[in-house]
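1. Dropping a prediction and its sequence here:
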2 protein chains.
Amino acid sequence: MTEASSATPEVLADAQTKRRQILPKAERRQQLVDATIRCIAQHGLSAVTMQMVTRDAGLSVGIANLHFESKDNLLKETLRYVAEEYHNGQIDIMEGAEIPDLGARLDALLDFQLGRGVTQRQKMSVWFAYYGEAGARPVYQKIVSTVDKLAAQKLETLFASIISDGGYQGVDARELATGYSALIDGLHLGLLVTPRELSKRRARSVARDFLRRAFPDHIR
Amino acid sequence: MTEASSATPEVLADAQTKRRQILPKAERRQQLVDATIRCIAQHGLSAVTMQMVTRDAGLSVGIANLHFESKDNLLKETLRYVAEEYHNGQIDIMEGAEIPDLGARLDALLDFQLGRGVTQRQKMSVWFAYYGEAGARPVYQKIVSTVDKLAAQKLETLFASIISDGGYQGVDARELATGYSALIDGLHLGLLVTPRELSKRRARSVARDFLRRAFPDHIR
DNA sequence: ACCCAGAATGAATGAATATTCATTCTTCAT
DNA sequence: ATGAAGAATGAATATTCATTCATTCTGGGT
């Protein structure tokens, strides 16, 4: 244990000596969920490992099992987080009274759904990674459908208001809402899988067309 | 090596003594691809193992590496197969002259895309399993987009014919084709992830609505 | 100043899995 | 019949990974 001369190059270099930090449970959990999202987006769900996630979070391997009891659980909670974030965003717009004009509210919704940023692409990846497994994993189906149901409900209500407001004939709010949701999902998919063929710009335009054909007096 | 009395219960039971069979390469490959599809649909892409696939195919573990050089390759070829099957089906309908009436041809297309059967669900699972990984795997993106491009092209052409045939004003074939494709993808997703909320019946009706709004004189 | 509850660490463990390859079996040309 | 080419097998190997837990460290309470 002699602090001899050379052999121990305790060159922590200029790296800040990483001091172990203790944080409230909720914060650590969020860090891990965030890291999981990044890893899924970058490597794909099937390639994600605990090592990968904890390294990305700058923490030790054991910590994921400390805060979530297993990998399965971490993945489940990550899906729940992403699903809720997306759907809460939609719901805020749809039921928020900040935008009284119905046409403008539709526009805001569309903006949110096909809107900007790297984050968006990352979230989309995660989204579809789970969808891909959903066929084989009822747990995922349940998480998504629970959250989905409420958003679908609100969208139908919004559409119904617009229909009544504009006196549109022969249009069924429920049917249209299902179609619009599916269209948005499909566009997300296109943006993810064939970004070359489908720009974000064109995706928006396609979605707007759909709405315009249904509600010509409210959109543009 | 004495064939003693009891200890070797060579009870192959009533199982037909499985005779080793030698088949042409193409056939074996197809067997393995089929088994892979079943496994992905049942267990999810991330849970598929070579053991699982070869057992499902009723063959030995080594065979997959004999005919495909690796698991990666088997998965890649499986995606290619599913993608081509789906898109060839569409293209056959779209360019086949067997159905001269344009409206009827649209209906046939819709039938194919949202049509019947267990097979359909299995294929959808596979489809989305790969989409889920596509964000992180350029190879998958390329396979899908290559095949996709041609189908999109044909659909646009079909729509253009219909537009000219019906003298529809203010409708862009390309835009509409993108929208329709996205809608179908989104409906597939809904059928896969939230089958409780979206029946096949309703999905068809939603897609038909879309077409009817665009081409009122051709659909119903 | 000093404890100590419990947060964080990471080496160790064991289970799972892709891939290899020596061996066995089929088929077919002769 | 016979032999050879190569298709098929599956035990063995090496790797990767989730999970565990003995140990270390931190920060608030006293």
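-> That came through fine. Numbers count the residues shown, from 1 in each chain, chains lettered A, B, ... in the order given.
2. So for the longest helix anywhere in chain A, mean pLDDT?
-> Taking DSSP state H as the criterion, chain A has its longest helix at helix A:138-166. The average pLDDT for helix A:138-166 rounds to 95.
3. One more: stretch A:19-33?
-> In this model, stretch A:19-33 has a mean pLDDT of 94.
4. quick one: contacts of it?
-> With contact meaning Cβ atoms under 8 Å, 6 or more residues apart in numbering or on different chains, stretch A:19-33 is reached by A:Val53, A:Thr54, A:Ala57, A:Leu59, A:Ile63, A:Ala64, A:His67, A:Phe68, A:Leu74, A:Glu77, A:Thr78, A:Tyr81. All C-beta atoms are positioned from the backbone trio N, CA, C, and that covers glycine.
5. quick one: buried residues of the longest helix of chain A?
-> Counting neighbours by 16 or more other Cβ atoms under 10 Å in any protein chain shown, one finds that the buried residues in helix A:138-166 are A:140-141, A:143-145, A:147-148, A:151-152, A:154-156, A:158-160, A:162-163, A:166.
6. of all of chain A, which residue lies closest to chain B?
-> Using Cβ to the nearest Cβ, the single residue of chain A nearest to chain B is A:Gly132, 2.6 Å away.
7. List of residues touching the helix or strand hosting that residue?
-> Per DSSP states H and E: A:Gly132 is located in helix A:118-134. The contact list for helix A:118-134 (Cβ under 8 Å, 6+ apart) reads A:37-38, A:40-41, A:44-45, A:78-79, A:82, A:85-86, A:140-141, A:144, A:188-189, A:191-192, B:44-46, B:128-136, B:189, B:192-193.
8. quick one: that helix to helix B:118-134, angle?
-> Interaxial angle, helix A:118-134 versus helix B:118-134 (axes from the mean of the first three to the mean of the last three Cα atoms, to 10 degrees): 150 degrees.
9. do helix A:118-134 and DNA strand D meet?
-> No. Using Cβ under 7 Å from any atom of the strand, helix A:118-134 stays clear of DNA strand D, with a minimum separation of 14.3 Å.
10. so which helix or strand takes in A:Asp111?
-> helix A:102-113.
11. does chain B sit close to that helix?
-> No. If you take Cβ under 8 Å from any Cβ of the partner chain as the test, helix A:102-113 misses chain B, and the best it gets is 12.0 Å.
12. Please compute how far the lowest-mean-pLDDT helix or strand in chain A lies from its chain's middle.
-> Lowest on mean pLDDT, DSSP states H and E among the helices and strands of chain A sits helix A:118-134, with a mean of 90. Once both centres are worked out by Cα atoms, centre = their mean, to the nearest Å, helix A:118-134 turns out to sit 7 Å from its chain's centre.
13. which of the residues in it are buried?
-> Within helix A:118-134, the residues scored as buried using 16+ other Cβ under 10 Å are A:120-134.
14. Does anything pack onto the longest helix of chain A? Which helices or strands?
-> Judged by 3 or more Cβ pairs under 8 Å, 6 or more residues apart in numbering or on different chains; DSSP states H and E, the packing partners of helix A:138-166 are helix A:71-95, helix A:102-113, helix A:118-134, helix A:173-193, helix B:173-193.
15. The same query, at a cut-off of 10 Å, please.
-> If contacts are counted by 3 or more Cβ pairs under 10 Å, 6 or more residues apart in numbering or on different chains; DSSP states H and E, helix A:138-166 sits against helix A:71-95, helix A:102-113, helix A:118-134, helix A:173-193, helix A:200-214, helix B:173-193.
16. Can you tell me which residues in chain A are near DNA strand D?
-> A:19-22, A:47-51, A:61-62, A:64-66, A:69-72.
17. I'd guessed A:Leu75 sits against A:Thr49; true?
-> No. Counting by Cβ atoms under 10 Å, A:Thr49 is not a contact partner of A:Leu75; they are 11.5 Å apart.
18. And those two? Which one has more around it.
-> Shown here are A:Leu75 and A:Thr49; by other Cβ atoms under 10 Å in any protein chain shown, A:Leu75 has more neighbours (24 against 12).
19. Report the contact partners of the closest residue to the more buried one other than its chain neighbours.
-> Nearest non-adjacent residue to A:Leu75, counting by Cβ to Cβ, 6 or more residues apart in numbering or on different chains: A:Thr36, 7.0 Å away. Contact partners of A:Thr36, counting by Cβ atoms under 10 Å, 6 or more residues apart in numbering or on different chains, are A:45, A:48, A:50, A:52-54, A:56-57, A:64, A:68, A:71, A:74-75, A:77-79, A:81-82, A:126.
20. Dihedrals phi and psi, A:Thr36?
-> With angles defined as degrees, to the nearest 10, A:Thr36 sits at phi -60, psi -40.
21. ok, now A:Gly135?
-> The phi and psi values for A:Gly135, taken as degrees, to the nearest 10, are phi -60, psi -30.
22. returning to what we had before: which other helices and strands does the helix holding A:Asp111 contact?
-> helix A:71-95, helix A:138-166, helix A:173-193, helix A:200-214.
23. gap between it and the chain center?
-> 18 Å.
24. Dump the C-alpha coordinates for that helix into CSV.
-> Presented in CSV, the C-alpha positions along helix A:102-113 are these (Å, rounded to 0.1, in the frame of the first residue of the first chain):
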residue,chain,number,x,y,z
LEU,A,102,-62.1,25.8,-33.5
GLY,A,103,-60.2,26.0,-36.8
ALA,A,104,-57.2,27.4,-35.0
ARG,A,105,-57.4,24.7,-32.4
LEU,A,106,-57.2,22.1,-35.1
ASP,A,107,-54.2,23.8,-36.5
ALA,A,108,-52.5,23.8,-33.1
LEU,A,109,-53.2,20.1,-32.8
LEU,A,110,-51.7,19.4,-36.2
ASP,A,111,-48.7,21.5,-35.2
PHE,A,112,-48.1,19.5,-32.1
GLN,A,113,-48.6,16.2,-33.9
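25. for it, which positions count as buried?
-> The neighbour-count check on helix A:102-113 (16+ other Cβ under 10 Å) flags A:Leu102, A:Gly103, A:Arg105, A:Leu106, A:Asp107, A:Ala108, A:Leu109, A:Leu110, A:Phe112, A:Gln113 as buried.
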